[in-house]
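> Just to be clear, the model below is a prediction. Sequence and coordinates:
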Amino acid sequence: MSLAAALAAQPSSSRGRAHPEIDNGPRGPRDIFQRDRDRIIHSIAFRRLRHKTQVYVAPDGDHYRVRLTHSLEVAQIGRTMARALGLNEDLTETLCLAHDLGHPPFGHAGEDALKEAMADAGGFDHNAHTIRIVTRLETPYPRFDGLNLSWEALVGLAKHNGPVAHPTWALAEANADFDLELESWPSLEAQVAAVADDIAYDNHDIDDGLRAGLIQLHDLLEVPMVERHWRAIRERSGELPPDKMQRALVRDQIGTMVGDVLAETERRLNQSGVQTIEEVRDAGRQLAGFSDLLAREEKALKRFLHDRIYNAPELIAVREEAIRVVSNLVCAYRADPSLLPEEWRDEDDVQQVRRIGDFIAGMTDRFALRTHEGMIGPVELPDRF
């Protein structure tokens with residue numbers, strides 16, 4: 001058994017849920033982490049991810065990633081690594097599936113607009129909003145708000161990128177209700193989920209970028225890691241059609257990154273001397289991640305993606321229009337809260353702004369566009385993106 005397996009989260013040792021539940025219904029043979037995963041999959045917020053931006057807004061094509069397909073791909077990679085390390089697969093999958101629930105319409109552009117428009121009420125942060133969704137906004141149960149996820153799942157979602165020294169208002173509220181120990185590191189399952197997210201979008205954004213024509217193969221091959229894999233595929237398989245080469249490239253890079261994380265995580269664990277889950281939380285550093293060499297190569301790939309895709313003129317124009325749409329919606333609802341459905345209104349000024357943020361963050365791309373067109377005016381987005 002690997003050292004990581006000895007540090008896996010155990011359902012029987014869970015710290016439980018904020019609201020005790022009496023298991024007297026037809027629940028089936030599921031432990032607490034399996035139920036967490038199923039609650040995410042059956043949530044309204046999870047279903048909305050199919051119409052929320054990953055990179056492209058309402059893309060003109062069925063084969064581009066959206067938040068839902070991205071989350072499924074992250075879950076596949078995360079679960080593979082968890083299984084190889086002997087970690088809890090169900091908790092890892094829960095965190096992977098839920099990590100993007102808090103994204104508003106239009107991805108980071110929508111988040112930037114909400115953050116600015118809500119500045120006087122504490123701003124907006126998609127990670128904190130994920131916690132707000134699963135602790136307050138989803139309401140499938142009769143006795144309490146939220147999905148009542150396990151402590152381990154909430155901690156993993158709250159700080160999968162590491163300790164949180166300065167929580168935003170939404171995360172602070174959730175932490176006051178159920179202490180998430182924000183100052184410490186999360187479980188290995190949460191750390192693996194965070195790396196799985198990086199692996200997924202690094203490689204699948206290459207795939208979508210080539211398909212969209214935002215990057216060209218000869219430019220992509222300037223990235224050392226990409227060129228090395230491309231050359232290896234040619235040596236192994238000879239000349240293949242470009243689309244098959246591209247798919248092989250994505251597969252091989254994911255495989256290389258996953259293998260590196262597995263080896264590096266075991267190395268860090270052995271070097272750290274941690275023996276318990278509590279020691280993982282108190283280790284003071286990330287224990288699951290890339291080796292130094294691959295981390296440098298991955299950063300170079302990210303720089304390329306930012307320069308050539310995320311900051312491409314075509315997508316900058318889309319992002320600016322998306323920001324305008326979200327900003328206009330916030331302004332309209334703040335000027336006249338009666339435009340909101342009744343259940344989203346609040347007499348307190350600060351809470352009203354936050355409820356407006358909740359309402360808009362819950363919108364899909366297409367619902368936000370329709371709402372803007374019907375309530376404010378036309379939206380001009382390029383047909384392809």
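Happy to help now that I have it. This one's a predicted model, so the numbers in the text were calculated from it and none came from an experiment. Numbers count the residues shown, from 1 in each chain.
> before we move on, which element is the residue lying closest to Arg47 once chain neighbours are set aside in?
Spatial nearest neighbour of Arg47, excluding adjacent residues (Cβ to Cβ, 6 or more residues apart in numbering): Leu68 at 8.0 Å. All C-beta spots, glycine's among them, are computed from the backbone N, C-alpha and C. Assessed by DSSP states H and E, Leu68 sits inside helix 67-85.
> Downstream of that helix, the next helix or strand is which one?
Next element after helix 67-85 (DSSP H and E): helix 89-98.
> and the helix or strand following that following helix, average pLDDT?
Sequence-wise, the next helix or strand downstream of helix 89-98 (DSSP H and E) is helix 107-117. Mean pLDDT, helix 107-117: 95.
> and if you look at stretch 75-87?
98.
> do stretch 235-249 as well
On average, the pLDDT along stretch 235-249 is 87.
> the helices in the stretch 251-385 of the chain, which residues?
Applying DSSP state H, counting those that start in this stretch to the stretch 251-385 of the chain gives helices spanning 277-281, 292-305, 313-335, 349-361, 365-375.
> From the contact counts, what lies against the shortest one?
The helices and strands touching helix 277-281, judged by 3 or more Cβ pairs under 8 Å, 6 or more residues apart in numbering; DSSP states H and E, number zero.
> list the buried ones in it?
By 16 or more other Cβ atoms under 10 Å, the buried positions in helix 277-281 come out as Ile277, Val280, Arg281.
> So what's the model's average confidence on it?
Mean pLDDT, helix 277-281: 96.
> Tabulate the CA atom coordinates of stretch 140-154 in CSV.
Output in CSV follows, covering the C-alpha atoms of stretch 140-154 (Å, rounded to 0.1, in the frame of the first residue of the first chain):
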residue,chain,number,x,y,z
PRO,A,140,-33.8,20.3,-2.1
TYR,A,141,-34.3,19.3,1.6
PRO,A,142,-37.2,20.2,3.8
ARG,A,143,-35.4,20.9,7.1
PHE,A,144,-32.4,23.0,6.0
ASP,A,145,-31.0,25.0,3.1
GLY,A,146,-28.1,23.8,1.0
LEU,A,147,-27.0,20.3,0.1
ASN,A,148,-25.6,19.6,3.6
LEU,A,149,-22.4,18.1,2.2
SER,A,150,-19.8,16.5,4.5
TRP,A,151,-17.2,18.6,6.3
GLU,A,152,-14.5,17.1,4.1
ALA,A,153,-16.3,18.0,0.9
LEU,A,154,-16.9,21.6,2.0
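> pLDDT below threshold where in the stretch 151-300 of the chain?
Across the stretch 151-300 of the chain, nothing is flagged by pLDDT under 70.
> Give the burial count for the closest residue to Arg319 other than its chain neighbours, as a bare number.
Among residues not flanking Arg319 along the chain, Ala109 sits closest, at 4.1 Å (Cβ to Cβ, 6+ apart). Neighbour count of Ala109, defined by other Cβ atoms under 10 Å: 23.
> so what's Ala109 up against?
Thr53, Val57, Val318, Arg319, Glu320, Ala322, Ile323, Val326 (Cβ atoms under 8 Å, 6 or more residues apart in numbering).
> Quick check: which of the helices of the stretch 251-385 of the chain is nearest to Trp169?
Across the helices of the stretch 251-385 of the chain, Trp169 has its closest neighbour in helix 349-361 (7.7 Å, Cβ to Cβ).
> For that closest one, buried residues please.
For helix 349-361, burial by neighbour count (16+ other Cβ under 10 Å) applies to Gln352, Val353, Arg354, Arg355, Ile356, Gly357, Asp358, Phe359, Ile360, Ala361.
> Met225: which of those residues is nearest?
Closest to Met225, out of all of the buried residues of helix 349-361 and judged by Cβ to Cβ, is Ala361, at 35.0 Å.
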